[in-house]
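In: A structural model of the following input is requested.
(2 chains)
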Amino acid sequence: MSLDFTLIFRILIFPGFTFILLLTMFCDWVERKIEARMQNRIGPLYTGPAGILQPLADFVKLLTKEDIVPFNVRNFVFKFAPIISLSIFIFSFVFLPIDGANIISGSSFEGDLILVLTLVSIANFLLFLSGWSSMNPYSAIGATRVLTQLTAYDIPLFTLALAPAFLAGSLSISTIASKQHIPFALLIPWTFAFFMIALQAELEKDPFDVPHAETEIVAGYETEYTGRRLAFLKLAKDVQIVLGAAIAVELFLGGPYGPILYGSSAFWCTLWFMLKLLAVVAFTEYLTCIFARLRIDQVLSVNWRLLLPLSLLSLAAAAGVSLWLNPLWR
Amino acid sequence: MRDISVFLKDLSNILGSKILQTRIFRPEKICIQVQAGAHRDAIKFILEQDENAGISAITGIDLGEKIELMYHIRTYGTIITIGTEVPKKNAKIESITDLIPGANFHEREASDLLGVFFEGHPNPKRLILPEDWPGNIFPLRKDAPITNIPSKMEGSGHVEQVSYDGRLINIVMGPQHPALIEPERFSLKVEGEIVRQVEPRIGYVHRGIEKATESRTYLQNIYLVERVCGICNAAHAVCFCQAIEAIMGVNIPSRAKYLRTIILELNRIHSHMLLLGHAFLEVGYETLFHYMWRDREPIMDIMENLTGNRVITSFITIGGVRRDLREEYIPIIKAELAKLKDKIDFYRQIFENDSTIKVRTKGIGVLSKHDALKLCVVGPVARGSGVRIDVRRDEPYAAYNEIEFNVITYDDGDSWARFMVRLDEIVESINIIQYALDHLPSGPYRVRVPRIVPAGEAISRVEAPRGELFYYVKSNGTAYPERVKIRTPTFSNIPSFIHIAEGCNIADVPAIFSSLDPCFSCTDR
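Out: Residues are numbered from 1 along each chain as shown, chains lettered A, B, ... in the order given. A predicted model of the protein is given here:
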């Protein structure tokens, strides 16, 4: 029985569902604050200390709003795409070690890296479906842009994510994380840089935020959503950002393990994980602030002409390095 | 400039007895009255003489039995007016759009508001009035009913929607659209991602200000014309007051001239910074948008301190300005402007070096010099295409003849060049204000003028932030003007959008559009 309680606690409270949601809202606040300060604004200020509760307040506010489904959009996809997308993003955390171990011990298996990346793609595809089912021209354009960008940037992202797997000699995220005595970002910094660019595109942030270009297509695929569906859609996007950053942390920055680890390993691991996560989030936010938006054709040409060949090259380089590196670690 | 008498002699040789009379508008503008039909010959002659000539405006006045049409041609840095009269009953005149493509919108406006039919016009559709406006009511005619206008005609209510025509998809932008802050509609015929044809439609917020001026006194009208456009309000007030002062023959004190120059240039800085910030937002560069608008605030504060108001300044009056500049405030203005100058340098570096901005603006939306002249564009749009026109230099008003400044031109003609013109003009404006503050003459800042304006006509031009602003005022000796014609810069610049956008990627349309700095509040005056 006691084991069951621990399991339920781990799934629902820490480091599972509640923790991830709180972490998401915290990251959202950090993002907004960083962006505001970089743009010489103040950012959230009034809700909670320094506005830290603002993302929660926004979420609750949306939950209380009227839920409007357009008349000719009475379909399953429109209604459930946000919640399914959110669930998939949250579920993906099961395979990431946060406090030194996975949420469910033993959930890690050889190949869960590929599963997580696939799940992320599926959840992204659901975002496309949500826009596509909205029967709105702006949503449709936004949705096609999501899909165009997704097909383009998933390939380099997958390719680059495999480079750490080569170095660690494993396809399991927790193994990759635990094998990084030196973070791979220091070992193969170019791969990390390309990964961050692909991640930026995957998360639809500047200069790749074409699906959201509000001066062109209103809110893109979110246009027709209101009330709690919009709340879940926005939450799904926020969780996606945290998940993307978390994958970057696990694969390139040594996961939850850090130089100082004494006493409660769960505490230190979580702390290191969050610090690294916030560093990645701050970096993506920095990129967002210093770039203008590209056009969709420019986004694609950056990908196919530049990022894809480079990612293939860096994968080959990582495979070469791993031949020499893997025996050292055994 | 050529001798005007030689020009007149040549013109009279060509037209002979078709010239009915020649009169002089104040200040020093010539109006050549010709027979109906001969206006084309006269305009053709001017175009042959000066290839840079273009049309500034078409003014129509209801004279009772007849309608007088005046073609204000911009040539040799001044305005030459070709006047002609058409009977009111069957008002018809040959179009000049084939001679000057830029006359397209002016003719459509005159046809809407005065009921003159322009024969041979390529696109004689409604431009300003609603589609369901009764066909026999023309608002600017003196006998137009003020009440009992039927609100809707039979069979109206047609709404243009997205439609398909073979390979072309018709996409309607506006009247409500996130990229368009003001209500106007553009119907874009799109083939794939490429725009093939653009048709603009304005008039959604037309307020009939030209008509409204006819029932207000001159003093009241200053406040009315200021509200044509909130951003460039000082330009409108100065332009209107200059026309009245010209009719009255009033010379304003030189301190007032300098103060007018200062407020006009503050207006220009504020308008350009507003546009550049907006342009950054259009290309998705939010950070710089916030920076730009933050740096614009000190200018608003200076305007508030100088005039008492942040936006609509109500600073200009007939005979001078309303308030004096406090001596102790001058150093503060100078300090703020010096700070702004450094920041503009920073923005200039960004515009020149940032790769994402370059990729979105360089070589996008090119307007060649030839087309710019043909379409009669004004202001930074023309200067971005290498056309050196600037009313401040061509025909100095206020204190511009005493202040040295550069007319900024770029030859690229793309969106980037148009933005750069504005950035450089901010620096020029700062220099002008600094010079004006250093050399501010002492003395009175206004003269008292009588309330009744003598009969007469005047043309006044001001370089508003968006380009040449044109006012024609006709007074009949009463307390109310007979006719006030306002031609705003955006009205001249919209036709160029039709031209530029053709062949562009649809995602570039908002950025191109903002590079023209359109103001539909101005256009729908």
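In: okay but residue B:201 is in contact with residue B:186, surely?
Out: Yes - in this structure, residue B:201 is within contact of residue B:186 by Cβ atoms under 8 Å, at 7.5 Å. Placement of C-beta: from N, CA and C, glycine included.
In: Spit out the contact partners of residue A:258.
Out: By Cβ atoms under 8 Å, 6 or more residues apart in numbering or on different chains, the contact set of residue A:258 is A:268-269, A:271-272, A:275.
In: got it, and residue B:449?
Out: Here residue B:449 is in contact with B:245, B:248, B:250, B:318-319 (Cβ under 8 Å, 6+ apart).
In: how close does it sit to residue B:353?
Out: Counting by Cβ to Cβ, to the nearest Å, the gap from residue B:449 to residue B:353 is 52 Å.
In: if we can go back for a sec, ok, the contacts of residue B:449 vs chain A, which is closest?
Out: When these are compared for distance to chain A (Cβ to the nearest Cβ), residue B:318 wins out at 41.5 Å.
In: Quick one, grab the pLDDT at the closest one.
Out: Residue B:318 carries a pLDDT value of 87.
In: What's the local residue count around residue B:328?
Out: Neighbour count of residue B:328, defined by other Cβ atoms under 10 Å in any protein chain shown: 7.
In: helix/strand/coil for it?
Out: Under the three-state scheme (DSSP: H, G, I helix; E, B strand; the rest coil), residue B:328 adopts helix.
In: Drop anything exposed from the contacts of residue A:258.
Out: Listed as buried from the contacts of residue A:258 are A:268-269, A:271-272; burial here means 16 or more other Cβ atoms under 10 Å in any protein chain shown.
In: Helices - which of these land there?
Out: Of these, the ones assigned to helices by DSSP state H are A:268-269, A:271-272.
In: confidence score at residue A:326?
Out: With respect to pLDDT, residue A:326 scores 66.
In: could you dump stretch A:268-275 to PDB, C-alpha only?
Out: Taking Å, rounded to 0.1, in the frame of the first residue of the first chain, the C-alpha atoms of stretch A:268-275 are listed here in PDB:
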ATOM      1  CA  TRP A 268      19.500  18.800  -5.700                       C
ATOM      2  CA  CYS A 269      18.500  17.100  -8.900                       C
ATOM      3  CA  THR A 270      15.300  19.100  -9.100                       C
ATOM      4  CA  LEU A 271      17.100  22.300  -8.400                       C
ATOM      5  CA  TRP A 272      19.700  21.600 -11.100                       C
ATOM      6  CA  PHE A 273      17.000  20.600 -13.500                       C
ATOM      7  CA  MET A 274      15.100  23.700 -12.900                       C
ATOM      8  CA  LEU A 275      18.100  26.000 -13.100                       C
END
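In: residues in contact with it?
Out: Here stretch A:268-275 makes contact (Cβ under 8 Å, 6+ apart) with A:15, A:23, A:97-100, A:246, A:249, A:255-258, A:260-262.
In: Correct me if wrong: residue A:92 contacts residue A:116.
Out: Yes - if you go by Cβ under 8 Å, residue A:92 and residue A:116 touch, sitting 4.9 Å apart.
In: on that earlier part again, strands - which of the contacts of stretch A:268-275 land there?
Out: Using DSSP state E, no member of the contacts of stretch A:268-275 falls within strands.
In: For the residues you listed, pick the one with the most neighbours.
Out: Busiest of those [other Cβ under 10 Å] is residue A:256, holding 31 neighbours.
In: measure residue B:192 to residue B:171 for me?
Out: Applying Cβ to Cβ to residue B:192 and residue B:171 gives a distance of 12 Å.
In: out of these two, which sits in the more crowded spot?
Out: Taking neighbours as other Cβ under 10 Å, residue B:192 and residue B:171 compare with residue B:171 leading, 17 against 11.
In: Show me what that one is bridged to.
Out: Under DSSP bridges, the beta-bridge partners of residue B:171 are residue B:188.
In: which residues touch it?
Out: By Cβ under 8 Å, 6+ apart, the contact set of residue B:171 is B:162, B:187-190, B:506.
In: Filter the residues you listed down to the buried ones, ChimeraX style.
Out: In ChimeraX, this line selects whichever of the contacts of residue B:171 come out buried by 16+ other Cβ under 10 Å:
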select /B:187,188,189,190,506
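In: Quick check: which of the contacts of residue B:171 has the minimum pLDDT.
Out: Of all those, residue B:162 has the smallest pLDDT value, namely 55.
In: Can you name the residue of the stretch 51-200 of chain A nearest to chain B?
Out: Closest point on the stretch 51-200 of chain A to chain B, by Cβ to the nearest Cβ, is residue A:137, at 6.7 Å.
In: Count the neighbours of that residue for me.
Out: Around residue A:137 there are 14 other residues, counting by other Cβ under 10 Å.
In: remind me which residues of the chain are low pLDDT?
Out: I'll assume chain A. Scanning chain A for pLDDT under 70 picks out the ranges A:1-3, A:74, A:213-218, A:260-261, A:263, A:325-330.
In: could you do chain B instead?
Out: For chain B, applying pLDDT under 70 flags the ranges B:1-5, B:17, B:26-27, B:149-167, B:178-180.
In: That one - how does it break down into domains?
Out: Using automatic domain parsing, the domain parsing of chain B gives B:4-119, B:209-523.
In: Let me have the ones you listed in JSON lines, extended by distance to residue A:133.
Out: Output for those, formatted as JSON lines (distance: least, Cβ to Cβ, whole Å):
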{"stretch": "domain B:4-119", "distance to residue A:133": "42"}
{"stretch": "domain B:209-523", "distance to residue A:133": "23"}
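In: of all those, which lies closest to residue A:203?
Out: Proximity to residue A:203 (Cβ to Cβ) singles out domain B:209-523 among the domains of chain B, at 14.9 Å.
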